[in-house]
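In: Give me the fold of what follows.
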Amino acid sequence: MSSNNISAASDVLHLTIGSSVFTASLLDNPTASAFQHLLPLNLQMSELNGNEKHSDLPISLPTSATNPGSIRVGDLMLYGSRTLVLWYEDYSSSFTYTRIGTIDNPEGLGAAVGSGTVEVGFAAGGSSSSTSTPTATQSRSTPSTNGAKTVGIVCSIIC
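Out: Alright, predicted model coming up:
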């Protein structure tokens, strides 16, 4: 597969923000694979430009940056080699990013993330129906080397 292909169904992200749950597919590329190896991971994701949440990762990831032109709601990308970006509004950009994945049905994502900082907990799971999604209780980055293929993401909005 090329670096921009959606991977097999086992490479699924679960994104929980408050009571909202989103499912996303990871791409089949070295960046998405390296991201999975950071898990579990808790990040404070800050607001930027009214269209994205972003946070620096604890380490640099491999990149294959391109100019996507049009960015869609629910895209999960890497800016540079360390900044994770979750888009909650469509955006046209002249910047370059490395794609990691995309939320399958992002309806309601903007309302769920709200404005301001969001604490996001990323964790590997066993399947897309896994019930072992952890809570986001830490406020700092915490990497591990768990290489599982499914990722659970738990978010709560910080007041």
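In: where do the strands sit along this structure?
Out: Assigned by DSSP state E, the strands in the chain fall at 12-17, 20-26, 41-48, 52-56, 70-71, 75-79, 83-87, 91-92, 98-103, 118-125, 150-157.
In: Spit out the contact partners of the spatially closest residue to Asp75 that is not a sequence neighbour.
Out: With C-beta to C-beta, 6 or more residues apart in numbering as the criterion, Asp75 has its nearest non-adjacent residue at 4.5 Å, and that residue is Trp87. C-beta coordinates here come from the backbone N, C-alpha and C atoms, glycine included. Taking C-beta atoms under 8 Å, 6 or more residues apart in numbering, we find Trp87 in contact with 51-52, 71-77.
In: farthest pair in these?
Out: Asn51 and Leu76 (13.7 Å; C-beta to C-beta).
In: neighbour count winner among the two?
Out: Leu76 (24 against 16; other C-beta atoms under 10 Å).
In: So the nearest residue to Phe22 once chain neighbours are set aside versus Thr96, what's the distance?
Out: Once flanking residues are discounted, Phe22 sits nearest to Leu15: 4.0 Å by C-beta to C-beta, 6+ apart. Per C-beta to C-beta, to the nearest Å, Leu15 is found 24 Å from Thr96.
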